[in-house]
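Chemist: The following block contains a protein sequence and its predicted model.
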Amino acid sequence: MQHILEAIKAGASSEEISNLKIPESYRAAYVKRDEADLFDGRESWEKDPRESIHIGEVATPELAPDEVYLAVMASSINFNTVWTSIFEPLPTFGFLDRLGKESEWGARHARDHHVLGSDACGVIIQTGSAVRNWKPGDRVNVHCNYVDDQDPAAHQDSMMASNQRIWGFETNFGGLADLSVVKANQLMPKPEHLSWEESAVNALCASTSYRMLVGDNAARMKQGDNVLIWGASGGLGGYACQLVLNGGGTPVAVVSSDDKVSLLNELGVQHVIDRRAEEYKFWRDETNQDDAEWRRLGKKVRSFTGEDPDIVFEHPGRSTMGASVFVAKRGGKIVTCAATSGYMIEYDNRHLWMRLKKILSSHFANYAEASAMNRLIDQGKIQPILSKTFTLANTGEAANQVHHNLHEGKLGILCLAPEAGEGITNLEKRQSIGENKITLFSRHAEAIEINN
Ligand code: NAP
């Protein structure tokens, strides 16, 4: 891949790039099929991504007509990297095998290794014969909605396609690698004012938060709405807070440390609850919830805004859903996309139906939603929440930090990009948006490290 990196750095033309030889193998972060039982008998928290994620050469797949070869400059860790690496709730090889049976091109994915990663920023090296809107040399971000156009259901909202998949989780050849194959309908222009890694961390989490809060398919936040946001300094939450502020709403954020409280205050979030300091405990034991705790949270939220939340931004799942349903206002919405703490959910249905609340489901984003979010980032209205950058060789360590909630915002991974900070092609725009705004999360993480 070195010749590809050198050509990109030298500013090679589209034609020169298209003539570069695609190597027969490339460096990638992957898990192995024959290790899917590696953690059998261990508790979730004992399962260590550093043991299961391997870094090494894998064979380059052939290119389908609707795909491009992408030189991946940077990628990021998502929670799905954690799920794949700890083989929970299921090993992801089942997804690859199912895709393998779907078509001739799908068969490439059913391998004995799974290359991880559902975010990427990089440079197109070659395009398949059916690709129209992109050319070699284009600098792009990748969103992870992997869908074909041969299902009628995909034409209203591609998330409704029966074979909708998350690239790099339910498909092989993900972004945590020096090279990837990506469908042309996953591509979006890279914002010129961001570095490779600042650009790479956004698509999955930011687009998910966009669909949950802003797009036509879920909570459809309005100006003035109060939004309770769980995990507000995490991957989803960090973008959710910004979308609420940018859209004229009032975020009430929940986090678990005073460092996170100060980070969110600096982001512009006035109302922040430290759930650890205030010792919220919604479950008395394994089977019983404590509705007095729900009430305590409701009172706290009202003490900030004078009202109950119009929207609750949910993803912790089992540990918080009872409280989320309770605190939403009469007629309010609880929008959920995940269940980090457990997916068998329990809430008091009386609070839902008697007060006419709605639980809305949401999952990633369609191409239009991902592009709308990419545009907001390009306009400098929403900032990347990159807190730390790791090398591809340290993917396991980065995934382990996310697994154990030791991070803030997003963790970036340098793939082909040799150093952080490269890839900015419009410094003037960066300066006009503001270096301090763009680097808030990374400056904050550095300050914490120095103080420790
Ligand atoms: P993240 O960066 O780890 O942030 C999640 C935050 O949630 C944590 O930082 C933590 O914040 C909070 N949290 C965790 N457990 C909690 C609990 N028991 N009670 C209250 N708060 C808790 O992860 P993320 O990227 O935001 O993703 C969150 C979840 O959404 C994951 O399960 C992920 O797989 C899922 N997800 C789904 C989609 C989709 O398309 N459906 C897309 C992206 C992510 P504090 O400790 O500070 O409170």
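Modeler: It's in. Numbering: from 1, shown residues only.

Chemist: Could you list the residues of the stretch 1-150 of the chain in contact with the ligand?
Modeler: 78-80 (CB under 6 Å from any ligand atom). Every C-beta, even on glycine, is put in place using the N, C-alpha and C of the backbone.

Chemist: ugh, wrong one, the stretch 301-450 of the chain
Modeler: Residues of the stretch 301-450 of the chain lying near the ligand (CB under 6 Å from any ligand atom): 315-316, 319-320, 337-338, 340-341, 363-364, 402, 405.

Chemist: So which residues of the stretch 151-300 of the chain form helices?
Modeler: Using DSSP state H, counting those that start in this stretch, the helices assigned to the stretch 151-300 of the chain run over residues 196-200, 203-213, 235-246, 258-267, 291-305.

Chemist: which one is the residue of the stretch 1-150 of the chain found nearest the ligand nearest to, not counting chain neighbours?
Modeler: Per CB to the nearest ligand atom, F79 is where the stretch 1-150 of the chain lies closest to the ligand, at 3.3 Å. Nearest residue to F79 in three dimensions, chain neighbours excluded: V402, at 6.4 Å (CB to CB, 6 or more residues apart in numbering).

Chemist: what does the stretch 151-300 of the chain put close to the ligand?
Modeler: Counting by CB under 6 Å from any ligand atom, the stretch 151-300 of the chain sits next to the ligand at 204-205, 208, 230-231, 233-237, 254-256, 260, 275.

Chemist: Among those residues, which one has the most neighbours?
Modeler: Each of those was scored by neighbours using other CB atoms under 10 Å; the highest score is L204's, at 32 neighbours.

Chemist: How much space separates that residue from S75?
Modeler: 10 Å (CB to CB, to the nearest Å).

Chemist: shared neighbours, these two?
Modeler: D119 (CB atoms under 8 Å, 6 or more residues apart in numbering).

Chemist: give the contact list for the nearest residue to G317 once chain neighbours are set aside.
Modeler: Distances taken as CB to CB, 6+ apart place A339 nearest to G317, at 2.7 Å, with adjacent residues excluded. By CB under 8 Å, 6+ apart, the contact list for A339 reads 315-318, 321, 345.

Chemist: do that again at 7 Å, thanks
Modeler: 317-318, 345 (CB atoms under 7 Å, 6 or more residues apart in numbering).

Chemist: Report the residue spans of the stretch 101-250 of the chain with pLDDT below the cut-off.
Modeler: Of all residues in the stretch 101-250 of the chain, none has pLDDT under 70.

Chemist: So which residues of it form strands?
Modeler: 113-115, 120-127, 139-142, 145-146, 165-166, 179-183, 187-189, 226-229, 250-255 (DSSP state E, counting those that start in this stretch).

Chemist: May I have the strands that pair with the second one, each with its orientation?
Modeler: Neighbouring strands of strand 120-127 in its sheet, by DSSP bridges, are strand 67-76 (antiparallel), strand 139-142 (antiparallel).
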